[in-house]
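Trainee: quick one, what's the 3D model for this:
(chains A and B)
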Amino acid sequence: MDPRLRLRDQRKHQFQQIVHHPYFGFVLLGGLMLFVQLIQSLGVAIPVSIMRAFGLTMIYIVIGLGFAILLGYAGLASLGTAGFVGIGTYALGYLTNARGFSVGMVVFYSVLGAIILGVVVGFISLRIEGMYLAIITLGLSEILNEIFKNAVTITNGTNGLLMPQLVFFGTYYTVSNETVFAAIAVVLVLMMFFTFNIIKSPTGRAMLAMKNSESAAQAMGVSVLKYRLLAFIIATVFALVGGILYMSYIRYTIPTTWSLAFSLNLLAAVIVGGSRSIWGIVLGSFMIFGLDLAVFQRIIVTPDRNAAIAAFIERFPEHQEALRTFFVNLQQSLPVITYILNGLLIILVVMFYPGGLYQLVLTIKTKLVTAWKNAVRKWKVRRYGQEV
Amino acid sequence: MGRKFDVLKRRILMAPIRWLESKIQFETDYLPLKMEESRERVARTVETLRLRANRKLASSERNAGIASEAVLGMVQTAKLKVEKAYYWKRLAILKQRSDAYRKNRSLAELDETFAPRLHELETQRLSAIEQATIRLIPQESDPSAIEACDHLGRRVRSRLERNETMLWEEHDRHVVFWRQRFETRIALWKRLLAKLQSEASKLQGQTSPLETKIEPDAVLKLDQLSMHFGGLKAVDQLSFSVKRGEIFGLIGPNGAGKTTVFNCITRFYKATAGGLYYRGKDGDVVDLATKKVHDVIRLGIVRTFQNVEMVWELPILENLLVAAHTQYRTGFFGQLLATPKLKREEKLLRKKAMDVLEDLGLEVYANFYPLGLPYGILKKVELARTLMANPDLIILDEPAAGLNDTETEQLKEVIRKIRDEYQATIFLVEHDMGLVMDVCDTVCAISFGKRLAIGKPAEIQTNKAVREAYLGGE
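Mentor: Just a heads-up that it's a prediction; the model follows:
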């Protein structure tokens, strides 16, 4: 027995245990984000808009995780997420600015409020299901939106609420964007841990049982009341935490952000990514929010700001004016193109990959692995005349 | 007044008794698991330490020319490495040879070109092995090297021994501590349990006003049960009782209200009138009308469905774990943080689920998703699911529907086995008369919600009213 060999095997085994641990990917994602922030702080020129896109996408992932538990596990459709996120932002903005509450206290009160809200919506969901529940929650969200617009003393109305500073233990601090970004990454990893634990626990199974067959779930001792309330509470807590993160990062909130469009985008992100896997949510959120923020909003096709396009126009002197107008128009319509692309994506995914893009990724991965193995086998047969 | 108060008191006492019983059971299962985990951890660490010590010693042993296990192992590894490389080289040459043969070269010509190459490769291989091993085992040994090796060996071994004993002692200390803590706690809980139980048993028996509603040897009693849907009387003043430990069959033509009776018992329907009484394992009588749908399983009443109701998005094993939902003792926050307690609990319940699956011969399907599995298998999985829930009364809604003859024969065996091994009473609805007549101890025939006859299977077969209901009157 060779001790070196055995030790190497042991080390390999330990390494594999760490790498195959489900938390590893989450920590890797968080670590990557922290690393990006670190090198940006050290002077590597990463554009601010890209950082902002990453930060916002992370916040949307947090909100999406809660929503995925609600939709993918408990099987309850909700369009009220925007309102709850809005509450989170206004709670932080108002309580710190006007009342001087510490951030910890705001989080505590928000979670308390989220539980109350979740219970209210959960009780509504006991009597109403499916599409009707979505409409009810949509109505709730619109009510909240109207409150944001009209409760001027708290929310500053349609002008939006500004929150220049955060409060920690009674003292006002100006926290840099970099710090908040790091905090978001940490919270994201924590939320991913929690989500993973919930969906792998008896609670997750009970919710799935409730979604698949309510009568079987009840016969097995799952209280529908309890788990519907729990699902709504979890989703609302995640949304409020997302709202608090958003407010600390952007420092500004305005009612129009928390409209139906946001809820629909979130729904799209969860559906496109795959509502039953954490990585699906990450992928979907990046597709719907991140791609728009980090890529489409940064494409510049105006001739006077993009040398390559200016040179391209130079090559066709007779159509110069027409091309110029075309590119200027294209620049103006880029945000609309995002919507069109998102719509197309949703249609394609729902038609061909009901399990979401994550399922597609898995399929591609297995296909690549099989192709690689086949290629190796073929090469070996050609060279050595036998497999193995 | 006093009687009512006693019943209430007993009901209040029963909750902590059940809690304590499950706690004691869980802790008793949990302790060996914890010890085993700790032992494995220590064993792993000790093995690593030993390997490290051997590795450390190996180089000096090699210098001293001692053929220890570690050195021989290293030689073996070096040899194998060389052998592996030359195996592939030889294969490549042989492949070239066979390709040449296919191009109609003569054998003599082939030997001319390839025999020297193979020979050369063989000599290369031998020399490579020699070189690899020579590097590891020197031919002559130096007394000073032996001295140094001895010295190092003594030091390393003594340190290893010290560390090992330290680790094992620590483990033993932990085990003793856990066992002591466990024993003191268990003693306390058992004392408390005995106290509560004696207190509760004093209150048991005639005190309950429900006691008069149900026979002493019966598990379930339907007393003038009626279920009306608007004007339709699905169940009409039906009464019978199911005895403990028997297999009770409920038969009747289509639309006789059999499934409605089941739904009333499991509280999916609220009965219009009449009483439903159930005597639990502890001998207490429960009025089922006061229970919620999801509480029924806690009493020990578990049911299957006419059309299989599975959690399609979970594998079979986890479907069984859904049935063990009420047996988890970790709360929501424990689940949120995935505490070691939850993991061990999960391990125990998974083992239990595997045992149940093996009992029914389903262990191959443990990791299959139910979607796409044959109907007969799914029916069996539903049975397994009821067994997972520590059943007292199993209610089977048409267990043989959609099964072929062999499967039905197997099902008879399974039903008897469940009754005998799990000490459960079985109450079933079935259209397959062969199964009902073979398996059941008592059969009750109903038609349009009304009882036609009740008795032994043979009596029912000869009953005139039953025949008329099935085959039509004169």
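Trainee: wait, what's in contact with the most centrally placed residue in chain B?
Mentor: Most central residue of chain B, judged by C-alpha distance to the mean C-alpha position with CA atoms, centre = their mean, is residue B:353 at 1.6 Å. Counting by CB atoms under 8 Å, 6 or more residues apart in numbering or on different chains, residue B:353 touches B:317, B:320, B:321, B:324, B:366, B:384, B:388. C-betas here are computed from N, CA, C, even on glycine.
Trainee: how about the residues you listed, which pair is most distant?
Mentor: Greatest spacing in the contacts of residue B:353, by CB to CB: B:324 and B:366 (14.5 Å).
Trainee: who's more crowded, these two?
Mentor: More crowded of residue B:324 and residue B:366, by other CB atoms under 10 Å in any protein chain shown: residue B:324, with 24 against 17.
Trainee: hmm, residue B:387 and that one touching each other?
Mentor: No. Residue B:324 is beyond contact range of residue B:387, at 10.4 Å (criterion: CB atoms under 8 Å).
Trainee: and the most centrally placed residue in chain A, what pLDDT?
Mentor: Centroid check for chain A by CA atoms, centre = their mean gives residue A:61 as the closest residue, at 1.8 Å. Listed pLDDT for residue A:61 reads 96.
Trainee: could you look up the SS state of it?
Mentor: Under DSSP: H, G, I helix; E, B strand; the rest coil, the three-state class of residue A:61 is helix.
Trainee: the nearest residue to it once chain neighbours are set aside: which element?
Mentor: Nearest-residue entry for residue A:61: residue A:285, 4.7 Å, with adjacent residues in sequence omitted and distances by CB to CB, 6 or more residues apart in numbering or on different chains. The secondary structure element spanning residue A:285 is helix A:278-285 (assigned by DSSP states H and E).
Trainee: so, low pLDDT: which residues of chain B?
Mentor: When residues are selected by pLDDT under 70, those of chain B lie in B:1-3, B:137-141, B:204-208, B:473-474.
Trainee: try it again at 80.
Mentor: The model of chain B has pLDDT under 80 over residues B:1-8, B:10-11, B:63, B:65, B:67, B:104-105, B:134-142, B:202-212, B:282-284, B:471-474.
Trainee: domain assignment for it?
Mentor: Structural domains of chain B, as assigned by automatic domain parsing, span the residue ranges B:2-50+B:157-206, B:217-471.
Trainee: give the contact list for residue A:191.
Mentor: By CB under 8 Å, 6+ apart, the contact set of residue A:191 is A:62, A:65, A:238, A:241.
Trainee: contacts only, for residue A:215.
Mentor: Applying CB under 8 Å, 6+ apart as the definition, the contact partners of residue A:215 turn out to be B:268, B:305, B:309.
Trainee: closest to residue B:249 among those?
Mentor: Using CB to CB, those come closest to residue B:249 at residue B:305, 17.7 Å.
Trainee: rewinding a little: could I get the contacts of residue B:353 as TSV with secondary structure?
Mentor: Rendered in TSV, the data for those read as follows (three-state DSSP):
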residue	secondary structure
B:317	helix
B:320	helix
B:321	helix
B:324	coil
B:366	coil
B:384	helix
B:388	helix
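Trainee: coming back round to it: and residue A:367, which of the domains of chain B is closest to it?
Mentor: Among these, the nearest to residue A:367 by CB to CB is domain B:217-471 (20.9 Å).
Trainee: quick one: end-to-end length of the closest one, please.
Mentor: Terminal residues of domain B:217-471 are spaced 35 Å apart (CA to CA, to the nearest Å).
Trainee: just how off-centre is it within its chain?
Mentor: Taking CA atoms, centre = their mean, to the nearest Å, one finds domain B:217-471 lying 19 Å from the centre of the chain it belongs to.
Trainee: repeat that for stretch A:84-95.
Mentor: Between the mean C-alpha location of stretch A:84-95 and the chain-wide mean there is a distance of 19 Å, by CA atoms, centre = their mean.
Trainee: dump it to PDB, restricted to CA.
Mentor: What follows is stretch A:84-95 as a C-alpha-only set of coordinates in PDB (Å, rounded to 0.1, in the frame of the first residue of the first chain):
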ATOM      1  CA  PHE A  84     -44.000  44.300  -1.400                       C
ATOM      2  CA  VAL A  85     -40.600  45.300  -2.700                       C
ATOM      3  CA  GLY A  86     -41.900  48.900  -2.800                       C
ATOM      4  CA  ILE A  87     -42.800  48.700   0.900                       C
ATOM      5  CA  GLY A  88     -39.300  47.500   1.600                       C
ATOM      6  CA  THR A  89     -37.800  50.500  -0.100                       C
ATOM      7  CA  TYR A  90     -40.100  53.100   1.500                       C
ATOM      8  CA  ALA A  91     -39.800  51.500   4.900                       C
ATOM      9  CA  LEU A  92     -36.000  51.900   4.800                       C
ATOM     10  CA  GLY A  93     -36.200  55.400   3.200                       C
ATOM     11  CA  TYR A  94     -38.800  56.800   5.600                       C
ATOM     12  CA  LEU A  95     -37.700  55.100   8.800                       C
END
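Trainee: quick one: mean pLDDT for it?
Mentor: In this model, stretch A:84-95 has a mean pLDDT of 92.
Trainee: what's the span of stretch B:309-326, first residue to last?
Mentor: By CA to CA, the extent of stretch B:309-326 from end to end equals 19 Å.
Trainee: residues touching residue B:305, list them.
Mentor: If you count contacts by CB under 8 Å, 6+ apart, residue B:305 has them with A:215, A:216, A:219, B:382, B:397.
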